[in-house]
Each structure stands twice: as C-alpha cells, then as structure tokens.
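A.B. asks: I'll drop the sequence and a predicted model, then ask my questions.
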Amino acid sequence: MKVFLASTNSRNAEFIIPYKIPYILESFYYIKDWQLEYIKSKDCKMFLLDSGAFTFMSNSKKVDFEDYLHKYINFINKYDIKHFFELDIDSVVGLEEVERYREILERETGKKSIPVWHKSRGKQYFLDMVKAYDYVAIGGIASGEIKRSEYKYFPWFIERAHKHNCKIHGLGFTNTKLLKKYKFDSVDSRTWNHGAISGDIVRFNGDYIETALTRSKDKRLKHYSLVDKHNLAEWLKYVRYMDG
C-alpha cells in the first residue's frame with residue numbers, strides 16, 4: 001500500500017526535501033514552486049495531484065469553475081502530471097456538471113483522471129467507474145460524509161475494484177490501525193503535521209502510528225519544529241513499512 005503524505009506545502013523546502021518523502025499528494029489550490037521541483041526528482045516515486053475540491057466544499061468562496069478547470073488543465077499539461085483527480089464537486093455543482101468537467105479535463109489533457117466516488121453517486125455508479133478506469137478513489141472519508149460505522153463496506157468496494165484490475169485510493173484515510181484491514185492500493189494523510197497544533201508526539205510502533213506523548217493542556221508547547229521533525233520521521237517509517 002502506498003501511503004501518500006499530503007500538505008507538504010505547509011512546510012518549506014529546507015524542512016521537507018531532506019526527508020526524501022516517496023509519495024506525495026498535493027492540492028492544485030496550494031501547490032508551491034519547490035514542490036514542483038521535488039516531485040520530478042528521483043526521491044519522489046509517485047505524485048498525486050488533487051483538484052482542490054475539498055477547499056471549495058469547506059468554504060463559501062464563489063469560484064468560476066470553468067476558469068478554474070482550464071487553469072487545472074493547463075497546469076497538468078505544463079508539468080506533465082501523470083496522476084490527477086477529477087473535480088469531484090458534486091455537492092456544489094451537481095454530478096452532471098462534474099461529468100462534463102471530467103470529459104473536458106480528459107479530452108484536453110489526453111489522459112484519464114482519477115474519478116472520485118461519493119455516496120450520493122450510488123452503488124451502480126461505482127461499478128461503472130471501476131469498469132471504465134484503472135484508478136479510482138473513494139471520497140468523503142475526511143469530511144465525515146462516510147461514517148466510521150460505514151467503514152465495514154470498504155471491502156466490497158475494494159474487491160469490486162480489484163476484480164476489474166482497478167486500483168483504489170482512500171482519500172484522507174488516516175486511521176493507521178485500520179489500514180491493514182482495508183486493502184486500499186493507496187491512501188493519503190496530512191496528520192503527520194498536526195503535532196505543531198496539538199502538541200502530540202507520535203511514534204511508529206512497528207504496526208501503526210500511535211500517540212507517544214500528549215501535551216498537558218495547561219502548558220505551552222516549545223520547540224514546535226522539533227516535534228514536527230520527529231513526527232515526520234516516524235510517519236516515514238510507517239510509509240516505508242506499508243510500502244513493503
């Protein structure tokens with residue numbers, strides 16, 4: 001399983017590059033120039049470009065999606081991005097419009113995107129997706145659209161995808177205790193950088209990521225950068241472990 005680290009844009013190049021992160025996912029909305037250089041390096045084994053749709057669904061900012069789509073297309077073409085997600089903004093513009101954007105995206109890049117299934121699309125839509133594509137994703141995990149009680153259905157989706165030789169990505173699936181149970185081909189997480197906010201220090205225990213130390217509520221955390229560096233190093237142990 002490939003575990004992609006997301007939100008590396010939140011740190012500068014001097015912080016991130018020495019760690020040689022093999023799998024990176026970044027949003028088109030936030031990507032930095034130094035990341036563009038890094039993803040072309042030998043240290044980055046694979047890069048996934050997110051459309052930034054989550055940003056649209058989590059704020060009320062008005063967006064010209066036609067203009068945004070063409071900027072996304074131009075970016076993909078300019079930097080020859082191999083793997084990129086569709087604009088899965090079903091809840092904002094409706095599925096019919098998302099499908100129209102996807103058709104334009106794929107036609108003008110000459111590549112298949114990674115379509116993102118949401119619960120509102122229904123079971124048959126997922127089955128059609130895995131027959132038509134070789135890489136799909138399940139969305140709504142990070143946003144809470146898919147509840148913890150519904151994780152039990154993941155094996156059905158994963159098995160159907162694999163039956164059609166289709167890889168499946170769990171967008172925002174960060175529960176490392178459960179990842180061995182659900183055989184996604186890839187997932188992504190941004191929780192490696194939460195230590196600077198929460199004060200939690202994590203460790204890879206040989207099986208999953210666990211909290212090793214939690215900051216006392218009445219104490220101000222010092223040395224955030226040291227916590228960040230430690231947590232990233234522990235997450236990279238986990239990434240390499242899951243990569244086999």
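C.D. replies: Noted; the coordinates are in hand.

A.B. asks: So which residue is dead centre in the protein?
C.D. replies: Taking CA atoms, centre = their mean as the criterion, Asp188 is the residue nearest the geometric centre of the chain, at 4.1 Å.

A.B. asks: Going C-terminal from the worst-scoring helix or strand of the chain on mean pLDDT, what's the next secondary structure element?
C.D. replies: Ranked by mean pLDDT, DSSP states H and E, the weakest helix or strand in the chain is helix 53-57, scoring a mean of 70. Following helix 53-57 in sequence order, the next helix or strand is helix 65-78 (DSSP states H and E).

A.B. asks: mean confidence for that following helix?
C.D. replies: Mean pLDDT, helix 65-78: 96.

A.B. asks: and if you look at stretch 87-106?
C.D. replies: Per-residue scores along stretch 87-106 average to 95.

A.B. asks: Just the endpoints, please. Distance across that stretch?
C.D. replies: 11 Å (CA to CA, to the nearest Å).

A.B. asks: Show me how far it is from its chain's centre.
C.D. replies: 19 Å (CA atoms, centre = their mean, to the nearest Å).

A.B. asks: sorry, back to before: which helix or strand contains the residue nearest to the centre of the chain?
C.D. replies: strand 186-189.

A.B. asks: about what we covered before: beta partners for the residue nearest to the centre of the chain?
C.D. replies: Phe4 (DSSP bridges).

A.B. asks: Residue ranges in this protein under the pLDDT threshold?
C.D. replies: For the chain, applying pLDDT under 70 flags the ranges 56-61, 215-223.

A.B. asks: domain parsing for it?
C.D. replies: Domains of the chain are assigned by automatic domain parsing as 2-193, 194-244.

A.B. asks: Point out the most buried one among these.
C.D. replies: Neighbour counts (mean count of other CB atoms under 10 Å) averaged over each of those peak at domain 2-193, with a mean of 17. Heads up, the C-betas are built off the backbone N, CA and C, glycines and all.

A.B. asks: Quick check: end-to-end length of it?
C.D. replies: Terminal-residue distance, domain 2-193 (CA to CA): 18 Å.

A.B. asks: now it: how far from the chain's centre is it?
C.D. replies: Per CA atoms, centre = their mean, the centroid offset for domain 2-193 relative to its chain is 5 Å.

A.B. asks: quick one on the thing from earlier: after the strand holding Asp188, next one along is what?
C.D. replies: Trace forward from strand 186-189 with DSSP H and E and the next one is helix 195-198.

A.B. asks: Please, which helix or strand holds Ile141?
C.D. replies: Applying DSSP H and E, one finds Ile141 in no helix or strand.

A.B. asks: For it, what are phi and psi?
C.D. replies: Torsion angles at Ile141 (phi, psi; degrees, to the nearest 10) stand at phi -80, psi -50.

A.B. asks: ok, now which ones touch it?
C.D. replies: Ile141 sits next to 170-173 when contact means CB atoms under 8 Å, 6 or more residues apart in numbering.

A.B. asks: residues contacting Gly172?
C.D. replies: 6, 139, 141-143, 187-190.

A.B. asks: what about stretch 21-37, start to end distance?
C.D. replies: End-to-end for stretch 21-37, by CA to CA: 13 Å.

A.B. asks: Stretch 108-115 now?
C.D. replies: 16 Å.

A.B. asks: tell me the contacts of the spatially closest residue to Arg160 that is not a sequence neighbour?
C.D. replies: Leaving aside its sequence neighbours, Arg160 sits nearest to Val130 (CB to CB, 6 or more residues apart in numbering; 5.8 Å). Val130 makes contact with 136, 160-161, 163-164, 166, 168, according to CB under 8 Å, 6+ apart.
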